[in-house]
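[1] Just a sequence and a predicted model for now, questions to come.
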Amino acid sequence: MTDEQWNKALISQVGDVAGFDRAELVVNYLRGAMINSDDANKHSGDVQMYYQFSYALTHLMGHSEKRIPTKLEFSAWLSANNRVHYQQKMYKTVA
C-alpha cells in the first residue's frame with residue numbers, strides 16, 4: 001500500500017465528507033506544518049503543537065463537531081512514545 005492509499009484509507013475511516021478532496025487538503029496542510037515546525041525549531045514533544053495539529057486536521061476533514069484528544073491525552077501519548085523509543089535505543093546499545 002502506498003502512502004497516498006494509506007492516507008485516503010485513513011481519512012475514509014474517519015468519515016468521508018462530500019465536497020473537497022480532503023486527502024489532498026490534509027497532505028498539503030501536513031507538508032506545510034512540517035516545514036513550519038522545522039523552521040521554528042519545534043520540539044517533537046511539544047504538546048501544544050500536537051493539540052493544534054489535531055484541531056486543524058479535524059476541521060480540514062470536515063469533522064469539526066468531533067472531540068479531539070485533550071492536551072493531557074497528548075502528553076500521556078508522547079510520554080509513552082518516548083519510553084518506547086528510549087527502551088528500543090537501550091536494547092540496541094546492549095545487543
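    Yep, that arrived.
[2] Let me know the secondary structure of N41.
    At N41 the chain is in coil, as set by DSSP: H, G, I helix; E, B strand; the rest coil.
[3] What strand or helix carries L30?
    helix 22-39 (DSSP states H and E).
[4] What lies in contact with that helix?
    Under the criterion Cβ atoms under 8 Å, 6 or more residues apart in numbering, residues 4, 7-8, 11, 16, 49, 53, 56-57, 60-62 lie in contact with helix 22-39. No exception for glycine: its C-beta is placed from N, CA and C like everyone else's.
[5] right, and the pair among those residues with maximum separation?
    By the measure Cβ to Cβ, D16 and M49 form the most distant pair in those, at 27.0 Å.
[6] These two: which is more packed in?
    Legend: neighbour count by other Cβ atoms under 10 Å for D16 and M49, higher for M49 (17 against 13).
[7] right, and the more buried one touches K42 too?
    Yes: M49 lies in contact with K42 (Cβ atoms under 8 Å); the separation is 5.5 Å.
[8] pretty sure I68 contacts T58?
    Yes: judged on Cβ under 8 Å, I68 makes contact with T58 at a distance of 5.4 Å.
[9] More neighbours: these two, which one.
    Counted by other Cβ under 10 Å, I68 and T58 do not tie: I68 has more neighbours, with 19 against 16.
[10] Disregarding residues adjacent in the polypeptide, which is nearest to the more buried one?
    S54 (4.3 Å; Cβ to Cβ, 6 or more residues apart in numbering).
[11] Would you quantify the distance from the one you found to K66?
    10 Å (Cβ to Cβ, to the nearest Å).
[12] and what of Q52?
    16 Å.
[13] residue ranges with poor pLDDT in this protein?
    16-17, 84-95 (pLDDT under 70).
[14] 80 instead, please
    1, 3-4, 6-23, 44, 60-64, 66, 81-95 (pLDDT under 80).
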